[in-house]
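**Q** Need coordinates for the following:
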Amino acid sequence: MAHTTQHYDVFRPRTAPASILYDAFQAEALHRKNRELDEWIKLELQAVFAAAAQYAQEHGLTAPTFEDVEAAERMARGSADYGSKWAIMVAQKMKVCRVDTAGQRTP
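**A** You can find the predicted model right below:
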């Protein structure tokens, strides 16, 4: 019987939406070696922001602003668990929306 070894990432958050945001960051980070620093930072921020916006829309949550994503990334810098910390901080910005009597969604 063949045995396959799965890579286990100890830093990956176990629950969504943080795990979804972490995965978006990790997928984009794979392209770092082919890019300049400013470019890969911008693209990683955009990837996390897009994943957060999509997840929020699909699950009735408020999406963080791009500024929220940038601020969380800055706060996570220097941490051993940088990607995890970043994803968790962004996920914490995502709150359940309420629907008012006019059908408008509000945080």
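**Q** in the helix of greatest length in the chain, what's buried?
**A** The single longest helix within the chain, with elements called by DSSP state H, is helix 37-59. By 16 or more other Cβ atoms under 10 Å, the buried positions in helix 37-59 come out as W40, E44, L45, A47, V48, F49, A50, A51, A52, A53, Y55, A56. (C-beta placed from N, C-alpha, C; glycine too.)
**Q** pLDDT on stretch 12-32, on average?
**A** Averaged across stretch 12-32, pLDDT comes to 96.
**Q** burial measure for G60, as a count.
**A** G60 has 12 neighbouring residues, counting by other Cβ atoms under 10 Å.
**Q** What sits closest to the spatially most central residue of the chain if chain neighbours are left out?
**A** In the chain, the centroid-proximal residue (Cα atoms, centre = their mean) is L21; its distance is 2.4 Å. Nearest in space to L21, with sequence neighbours left out and distances taken as Cβ to Cβ, 6 or more residues apart in numbering, is A87 at 4.0 Å.
**Q** any idea which helix or strand carries the one you found?
**A** Following DSSP states H and E, one finds A87 within helix 82-93.
**Q** That's all I had, so thanks and see you.
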